[in-house]
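[1] Test case, fold it:
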Amino acid sequence: MFIELNITSNFSFLTGASHPEEYMSRAAALGMEAIAIADENSVAGIVRAHARAREIARQVRERQAWDAAHGQIGPALPLPPGGVRQVPAFSAAPRLIPAARLVFTDACAITVLPESRAGWGALCRILSTGKLRAEKGACNLQLADLLERGCALQLILWPEAQAVPPGAGGWVQTAERLTRRFAGKMHLGLAPRYDGRDPERFTRLTAAADRLGLPTLASAAPLMHHGSRRKLADVITAIRLRRRVDDLGRDALPNSEARLRSEVEMRHLFKGFEEAVDRAYALSQRLNFSLDELRYEYPSEGTEEETATERLRRLAYEGLKWRYPGGASDKVHGLLEHELALIAKLRYEPYFLTVRDIVAFARSRDILCQGRGSAANSVVCYCLGVTSVSPEIGTMVFERFVSEARDEPPDIDVDFEHERREEVIQHIYERYGRHRAGLCATVVHYRGKRAIREVGRAMGLTEDTISALSSQLWGFFSTKGIEAERMAEIGLDAGDIRLQQTLSLVHEIDGFPRHLSQHVGGFVITEGRLDALVPIENATMEGRTVICWDKDDIEALGILKVDVLSLGMLTCIRKAFDLLQMHHRVSHTLASLPPEDPAVYDMLCEADSIGVFQVESRAQMNFLPRMRPRCFYDLVIEVAIIRPGPIQGDMVHPFIRRRNGEEEVSFPSDELGAVLGKTLGVPLFQEQAMQIAIVGAGFTPDQADRLRRSLATFKKHGNVSEFRTLFLRGMAQKGYDRDFAERCFSQIEGFGSYGFPESHAASFALLVYASSWLKCHHPGIFACALLNSQPMGFYAPAQIVRDAREHGVKVRPVCINASFWDNTMEPDGQGGLALRLGFRQIKGLSEEDASWLTAARGNGYRSVRDVWRRAGLAPAMVARLAEADVFAGIGLNRREALWEAKALVPGAPLPLFAGDIDGEAIDEPAALLPQMSLGEEVVEDYVALRLTLKAHPLALLRHRLTPNPVRASGGDI
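    Residues are numbered from 1 along each chain as shown. Prediction:
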């Protein structure tokens with residue numbers, strides 16, 4: 001037997017030419033018992049290999065069950081109900097051996113293989129040490145790091161595999177040092193170079209190993225799972241080295257031999273050294289550690305006085321009194337007890353307490369936040385303050401999200417104000433420590449334009465050709481097979497061999513990992529050391545550390561993740577609440593807003609939703625008058641229905657026709673009626689898609705969960721359609737019409753593009769209602785908060801200001817003596833409030849300069865020179881103020897103020913004797929500057945402020961727009 005222990009996957013970024021999953025599938029096809037993915041200074045890809053190994057094992061079990069049930073064995077029999085596609089007849093699933101190839105600054109490369117859970121922890125801490133002392137994407141490892149922490153590890157030393165770092169000494173010295181520390185655990189690796197000199201190299205290295213007392217071990221050192229990836233491997237090398245493929249020289253692979261090999265091939269390559277092949281297998285038998293052994297421990301959230309269970313119950317009932325001051329109903333009490341019992345049974349109390357404590361910190365700092373996600377819409381989360389959505393909204397069932405059958409952590413995302421989320425992130429680091437908390441990674445893959453650009457350059461295409469190919473991005477990736485027609489449209493020769501090769505390689509590299517980035521806010525928090533579970537490294541942003549696994553990886557391993565996300569609308573709403581408190585002495589929270597206000601729904605029915613969360617797009621504004629929302633649940637549907645999934649699944653028009661009474665609401669069966677009743681028989685939510693599969697097609701909970709995962713990851717994996725045969729067969733067995741079954745599955749496939757869960761829609765609907773209520777009843781305050789929260793949303797400041805004025809809000813210009821950095825509300829002299837534009841609207845003016853300006857203002861500025869002297873602004877900044885016409889309040893028009901600003905000389909000494917505070921002792925004749933026209937004023941306003949209060953640009957042309965007769969369709973004038 002032979003086991004490959006030194007595989008390089010494409011998670012050795014821009015080096016390996018195959019996915020970890022492809023190696024596992026290839027190993028299964030070759031009948032290999034196990035393989036080790038050993039990427040360079042990384043374990044980022046091994047979870048994917050592990051997940052693929054589990055999937056192959058499941059397929060093997062299902063196939064064996066199928067064969068046993070049918071008494072048939074064949075190479076292409078369809079799988080039983082879980083896997084509907086035809087697959088190779090794997091006889092057994094290979095086992096993944098976790099590993100990493102450590103590259104040192106002072107020694108040659110060494111492959112490290114953990115023997116046990118302790119060995120895995122040691123490997124993770126070694127990698128963390130090297131990565132935390134380097135910048136993002138780099139690893140500064142020294143041999144001393146391995147010598148200090150290398151317990152329960154097997155080592156394979158690779159002599160002559162690469163250039164040894166200067167001053168490091170030869171590999172022999174490294175071997176001698178390590179042998180003293182790791183006696184009996186050291187091996188000397190032999191890997192072929194396929195240059196015709198391998199036998200003599202193996203002889204020389206074997207002799208050296210004998211002198212050192214080291215056993216030799218064979219490896220093909222594969223860079224790809226199959227030889228067909230050789231061209232792609234060269235392209236990846238060219239991208240890494242920033243050269244053209246034609247210029248790679250010796251850096252290109254000489255042949256396609258560096259691939260995963262079978263035992264027969266390895267014995268042929270190592271003829272005369274077969275004992276090295278046997279030792280690879282013997283070593284693999286001592287490596288029994290599996291990623292399944294990783295036991296994630298939630299942070300302990302109990303105290304000395306009470307356990308986590310007791311603390312959660314106490315906080316939940318305290319929150320019940322807060323949320324229901326008049327007393328909660330029996331239904332709510334029953335739901336709370338039911339949820340607490342299920343949480344206790346699954347021991348998820350620390351998770352809920354962790355989220356609660358993060359939210360409590362944010363509230364203590366007046367940071368507005370709102371929980372969403374599957375488990376957030378529960379009585380427990382409502383009472384803990386995690387979410388402001390009442391659990392009585394809709395008909396969501398807690399067990400769908402916190403399920404004993406699935407045995408998975410619940411999913412709670414918490415959105416915070418986008419301007420203050422960093423405070424929450426740093427609080428998490430401070431409370432739990434960087435050795436216990438880290439952000440998830442996000443794998444940046446080759447997609448579309450990046451693939452075309454980088455592969456095109458490596459292949460030597462001109463920039464013009466690359467730009468032309470990029471312009472047809474969607475044509476190449478959405479209509480594969482008609483590339484020739486697309487290239488002809490843009491003037492390229494479809495018969496050109498280099499172009500054909502480039503397009504083929506672009507499709508091949510699509511989906512390859514490019515590098516790791518940080519997740520938008522997914523935190524992993526542990527009870528013990530996080531760096532003993534997974535390596536930690538620095539992020540690009542200062543003060544942040546991340547792990548190397550993404551959200552799919554940690555979900556596959558059952559690791560808790562708390563999503564600490566940002567949302568611009570929360571910043572806007574919080575600022576609006578602050579303005580309400582300041583000017584009207586009214587205090588509001590998301591949960592205390594007057595519910596079901598008819599005026600709010602009237603406004604939305606008129607599509608008056610500029611700036612309103614989620615319903616401000618043109619598509620939503622077109623749909624609102626047709627939907628005519630009259631209650632909160634209508635907003636839940638509104639949020640979910642205008643999405644690519646429902647639109648592509650043809651759900652929008654049937655729903656509207658049924659809502660308007662134009663089409664009868666009917667259900668093919670009572671059981672599906674129970675699932676689709678609240679959405680008039682049209683599936684709109686991801687949960688409904690799952691329920692249709694279970695109720696209508698007879699899916700098991702495990703199959704439905706796999707369907708859910710495929711819906712969530714459709715863009716990455718595209719495997720929703722794998723369930724088609726199973727779904728259609730199940731619907732037919734239950735007596736449903738095939739056309740109906742096809743339509744149902746088409747709708748479910750639509751969710752693959754963007755399926756929206758009902759729980760998320762309910763959380764977002766609350767923010768729709770809150771922003772609509774503010775816009776309806778306090779349009780000036782809402783506009784002010786929107787402007788102070790930019791950039792966000794669809795609309796530019798000019799559109800927000802114009803919309804506010806159309807709602808009767810008085811908007812006043814930026815003034816040197818009245819404005820602050822933020823836009824503010826001030827008395828309008830008639831008992832109301834006017835919106836005063838702030839210095840933040842001035843293009844190119846920093847908040848620091850605005851702070852100096854307002855701090856030195858005192859009783860007001862009297863001239864341009866006064867601003868320069870007292871505020872200490874640079875003349876260029878004073879000129880920006882003049883260009884924005886902020887001196888109009890002191891009697892200077894734009895040109896006069898700019899004339900004075902241009903007279904300011906940087907560094908010029910101030911007059912020793914000044915006639916007054918302005919120091920204007922020298923009389924200068926007044927300049928007679930021509931008055932600016934209205935058109936010029938409007939243009940300058942847009943240049944400096946990106947908006948104007950003087951006139952709409954089209955108003956300047958209205959006198960030229962004479963009425964013209966309109967030609968009727970098909971007729972004459």
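[2] make it CA atoms for all contacts and neighbour counts henceforth
    OK.
[3] I'd like the next helix or strand past the lengthiest helix in the chain.
    Longest helix in the chain, counting residues (DSSP state H): helix 46-70. Once the chain leaves helix 46-70, the next helix or strand it forms, by DSSP states H and E, is strand 95-102.
[4] Keeping just the C-alphas, turn whichever helix or strand comes after that following strand into PDB.
    Next helix or strand after strand 95-102 toward the C-terminus (DSSP H and E): strand 110-114. What follows is strand 110-114, C-alpha atoms only, in PDB (Å, rounded to 0.1, in the frame of the first residue of the first chain):
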ATOM      1  CA  ILE A 110       9.400  20.200   6.800                       C
ATOM      2  CA  THR A 111       6.000  18.500   6.500                       C
ATOM      3  CA  VAL A 112       4.400  18.200   9.900                       C
ATOM      4  CA  LEU A 113       1.700  15.600  10.600                       C
ATOM      5  CA  PRO A 114      -0.100  15.500  14.000                       C
END
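[5] Summarise which helices and strands strand 110-114 is packed against.
    strand 95-102, helix 117-132, strand 153-157 (3 or more C-alpha pairs under 8 Å, 6 or more residues apart in numbering; DSSP states H and E).
[6] Adjacent strands (with direction) for it?
    strand 95-102 (antiparallel), strand 153-157 (antiparallel) (DSSP bridges).
[7] Across the sheet, point out what pairs with residue 811.
    residue 835.
[8] My read is that it contacts residue 836, right?
    Yes. Taking contacts as C-alpha atoms under 8 Å, residue 811 lies within contact range of residue 836: 6.0 Å.
[9] Could you check which of those two has the larger neighbour count?
    A direct count of neighbours by other C-alpha atoms under 10 Å for residue 811 and residue 836 places residue 836 higher, at 24 against 20.
[10] Leaving out sequence neighbours, find the closest residue to the more buried one.
    Leaving out its chain neighbours, the residue that sits closest to residue 836 by C-alpha to C-alpha, 6 or more residues apart in numbering is residue 812, at 4.8 Å.
[11] quick revisit: quick check: angle from the longest helix of the chain to strand 95-102?
    Computed by axes from the mean of the first three to the mean of the last three C-alpha atoms, to 10 degrees, the angle separating helix 46-70 from strand 95-102 equals 170 degrees.
[12] by contact count, what packs against helix 46-70?
    Checking 3+ C-alpha pairs under 8 Å, 6+ apart, helix 46-70 ends up next to helix 20-29, strand 95-102, helix 551-556.
[13] quick one: contacts of the second one?
    In this case it means strand 95-102. 5-6, 24, 33-43, 46, 49-50, 53, 109-114, 141, 284, 287-291 (C-alpha atoms under 8 Å, 6 or more residues apart in numbering).
[14] Now, of these, which are buried?
    5-6, 24, 33-43, 46, 49-50, 53, 109-114, 141, 284, 287, 289-291 (16 or more other C-alpha atoms under 10 Å).
[15] ok, residue 119 touching residue 155?
    No. Using C-alpha under 8 Å, residue 119 is not in contact with residue 155, being 11.3 Å away.
[16] mind listing the strands for the stretch 151-300 of the chain?
    153-157, 186-190, 216-218 (DSSP state E, counting those that start in this stretch).
[17] what's the average pLDDT for the shortest one?
    Read it as strand 216-218. The average of the pLDDT scores along strand 216-218 is 95.
[18] counting contacts, what elements does it pack onto?
    Using 3+ C-alpha pairs under 8 Å, 6+ apart, the elements in contact with strand 216-218 are strand 186-190, helix 274-285.
[19] partners of that strand in the sheet?
    As assigned by DSSP bridges, strand 216-218 forms pairs with strand 186-190 (parallel).
[20] So which residues make contact with the partner strand?
    Under C-alpha under 8 Å, 6+ apart, the answer for strand 186-190 is 154-159, 178-179, 202, 205, 209, 214-219, 276.
[21] Next, find the distance separating residue 284 from residue 41.
    21 Å (C-alpha to C-alpha, to the nearest Å).
[22] my bad, residue 531
    Residue 531 is 14 Å from residue 41, where distance means C-alpha to C-alpha.
[23] Could you do residue 632 as well?
    52 Å.
[24] Now find how far off-centre the host helix or strand of residue 310 is within its chain.
    Assigned by DSSP H and E, residue 310 falls within helix 308-323. In terms of C-alpha atoms, centre = their mean, to the nearest Å, the centre of helix 308-323 is found 33 Å from the chain centre.
[25] returning to that earlier point: what sits in contact with each of residue 119 and residue 155?
    Taking C-alpha under 8 Å, 6+ apart as the criterion, residue 119 and residue 155 both touch residue 113.
[26] Might one say that residue 707 is in contact with residue 690?
    Yes. Proximity of residue 707 to residue 690 meets the contact threshold set by C-alpha under 8 Å, at 7.3 Å.
[27] Pull the number of nearby residues for residue 173.
    12.
[28] for the one 10 residues further on, same thing?
    Neighbouring residues of residue 183 were enumerated by other C-alpha under 10 Å; the total is 10.
[29] picking that back up, nearest to residue 641, out of the helices and strands packed on strand 110-114?
    strand 95-102 (42.7 Å; C-alpha to C-alpha).
[30] okay, the angle between the closest one and helix 274-285?
    110 degrees.
[31] between strand 95-102 and helix 20-29, how many degrees?
    Using the same axes, to 10 degrees: strand 95-102 against helix 20-29 is 130 degrees.
[32] so where is the stretch 501-650 of the chain shaky, pLDDT-wise?
    Filtered on pLDDT under 70, the stretch 501-650 of the chain yields the residue ranges 644-645, 648-649.
[33] which one's the longest strand in the chain?
    Criterion DSSP state E: the longest strand present in the chain is strand 513-525.
[34] Name the residues that touch it?
    Outside strand 513-525, the residues that touch it by C-alpha under 8 Å, 6+ apart are 10-11, 13-14, 137, 298-299, 432, 436-446, 539, 546, 548, 550-551, 559-565.
[35] any idea how far residue 422 is from residue 414?
    13 Å.
[36] Give me the more crowded residue out of these two.
    residue 414 (22 against 18).
[37] The more buried one: what's it in contact with?
    369, 370, 371, 372, 386, 562, 563, 564, 565.
[38] Next, it: secondary structure please.
    strand (DSSP: H, G, I helix; E, B strand; the rest coil).
[39] what do you get for residue 5?
    Assigned by three-state DSSP, the conformation of residue 5 is strand.
[40] need the contact list for it.
    Applying C-alpha under 8 Å, 6+ apart, the residues near residue 5 are 35, 36, 37, 38, 97, 219, 280, 284.
[41] got any ranges where the stretch 201-350 of the chain has weak pLDDT?
    For the stretch 201-350 of the chain (pLDDT under 70), the answer is 302.
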